[in-house]
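Chemist: Sequence and predicted structure, then a few things I'm wondering about:
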There are 2 protein chains.
Amino acid sequence: MVRLVQMCEQRGLRLTEPRRTVLDVLETATDHPCAYEIHRRASQVSNVGLPTVYRVLGDLVKAGLLTRHVFGDRKARYERVGSEPHPYLIDIASGQIVGVDDDGLARLLEETARRLGYRLVDCRLTLFGEKK
Amino acid sequence: MVRLVQMCEQRGLRLTEPRRTVLDVLETATDHPCAYEIHRRASQVSNVGLPTVYRVLGDLVKAGLLTRHVFGDRKARYERVGSEPHPYLIDIASGQIVGVDDDGLARLLEETARRLGYRLVDCRLTLFGEKK
DNA sequence: CTAAATGCAAATCATTTGCAAAGAG
DNA sequence: CTCTTTGCAAATGATTTGCATTTAG
């Protein structure tokens, strides 16, 4: 996967301490943290302002390196671009959001949108089910 | 399709003028309006406060009659549950339903759920796209 | 009559912006 | 040195809440 720091250099974004810290948080994250959470993690390493976190995130989204998802709680969550976009499975009973990394499903959804003349931007998949 | 007014009666929600107005806006909407837009439409019929619109929407979501989607613009958009038996695609710019044919989708969704350890009881799939 | 529902104004909460100071190249 | 980036405080915009008043049943 492309290193975020390298992408910044290529784009002429200065590698400042706060930017470096936020990038590192994003590189090492295994989940989809919100801005507040990213700020919390970054703050453990160095002094970074919340607006700076938002600015860095905005830059990276603009650069196409991150995608932004907004769920019911209205907090934006950020994710490294990989095989985007992919559907989410939401277990209503537990409230858990489970990522469904199903290439076949993602491809089919994309294709379905394309057939209608659209570029798939996002999708919501809600399953009402019982645990087996 | 279940009438919203009937559902309110069943749940003991009083049929007040503002509630009636908001319900009517939702019944007749062919798109997925945000709260502000719902309020705008309702206001053309009678005096309804924006907080009341939010309260009615919240009640209906809680009752399982509406679903709430939040996009990049952080505005919540509301949609009748069960209004469309099949998956569909929403134009992000306009909120309009474009439509989707779902050959093979249902089967794939079921299989996806099963792989995650769930028995699929019901599902709601919504795609969001931009016109190419 | 009584509890539910309302409108208004003010409060919240995530996010953004203005601006002077600090720092990269 | 110059232009970008920052932190802080204040602004913004969608949504929610407090509360006195109205209203359905």
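Modeler: That came through, no problem.
Chemist: Alongside DNA strand D, which residues does chain A contribute?
Modeler: With the criterion set to Cβ under 7 Å from any atom of the strand, chain A comes near DNA strand D through A:13-14, A:16, A:18-19, A:47-49, A:51-52, A:55-56, A:74. In short, each C-beta sits where N, CA and C put it, glycine included.
Chemist: try it again with 10 Å
Modeler: When proximity is defined by Cβ under 10 Å from any atom of the strand, chain A lies next to DNA strand D at A:8, A:11-23, A:39, A:42-43, A:46-56, A:58-59, A:72-74.
Chemist: Okay, and the beta partners of the residue in chain A positioned nearest to chain B?
Modeler: Proximity of chain A to chain B (Cβ to the nearest Cβ) peaks at A:Tyr118, 3.2 Å away. Using DSSP bridges, the beta-bridge partners of A:Tyr118 come out as B:Lys131.
Chemist: Can you check the distance spanned by stretch A:40-47, start to finish?
Modeler: Looking at stretch A:40-47, the gap from its leading to its trailing residue is 10 Å under the measure Cα to Cα, to the nearest Å.
Chemist: What are the buried residues along it?
Modeler: Residues of stretch A:40-47 classed as buried under the neighbour-count rule (16 or more other Cβ atoms under 10 Å in any protein chain shown) are A:Arg41, A:Ala42.
Chemist: go on, stretch A:54-71?
Modeler: Along stretch A:54-71, the positions that meet the burial threshold by neighbour count (16+ other Cβ under 10 Å) are A:Val56, A:Leu57, A:Asp59, A:Leu60, A:Val61, A:Leu65, A:Leu66, A:Thr67, A:Arg68, A:His69, A:Val70, A:Phe71.
Chemist: what helix or strand is A:Pro18 on?
Modeler: Using DSSP states H and E, A:Pro18 maps to helix A:17-28.
Chemist: Would you tell me whether that helix gets close to DNA strand C?
Modeler: Yes - under the criterion of Cβ under 10 Å from any atom of the strand, helix A:17-28 makes contact with DNA strand C via A:Glu17, A:Pro18, A:Arg19, A:Arg20.
Chemist: Specify which member of those is nearest to DNA strand C.
Modeler: Nearest to DNA strand C among the residues of helix A:17-28 next to DNA strand C, counting by Cβ to the nearest atom of the strand, is A:Glu17 at 5.8 Å.
Chemist: Any figure for the gap between the closest one and B:Glu79?
Modeler: For A:Glu17, the distance to B:Glu79 under the criterion Cβ to Cβ, to the nearest Å works out to 45 Å.
Chemist: who's more crowded, these two?
Modeler: Comparing A:Glu17 with B:Glu79 by other Cβ atoms under 10 Å in any protein chain shown, the one with more neighbours is B:Glu79, at 21 against 11.
Chemist: that's a strand at that one, yeah?
Modeler: Yes - residue assignment for B:Glu79, taken from DSSP: H, G, I helix; E, B strand; the rest coil, places it within a strand.
Chemist: so what's it scoring on pLDDT?
Modeler: Confidence at B:Glu79, expressed as pLDDT, is 81.
Chemist: what residues are up against it?
Modeler: The contact partners of B:Glu79, taken as Cβ atoms under 8 Å, 6 or more residues apart in numbering or on different chains, are B:His32, B:Leu66, B:Thr67, B:Arg68, B:His69, B:Thr126.
Chemist: So for those, which is the shakiest by pLDDT?
Modeler: Of all the contacts of B:Glu79, B:Thr126 has the smallest pLDDT value, namely 63.
Chemist: those strands in chain A, which residues are they?
Modeler: The residue ranges that make up the strands of chain A, judged by DSSP state E, are A:66-70, A:76-80, A:88-91, A:97-99, A:118-131.
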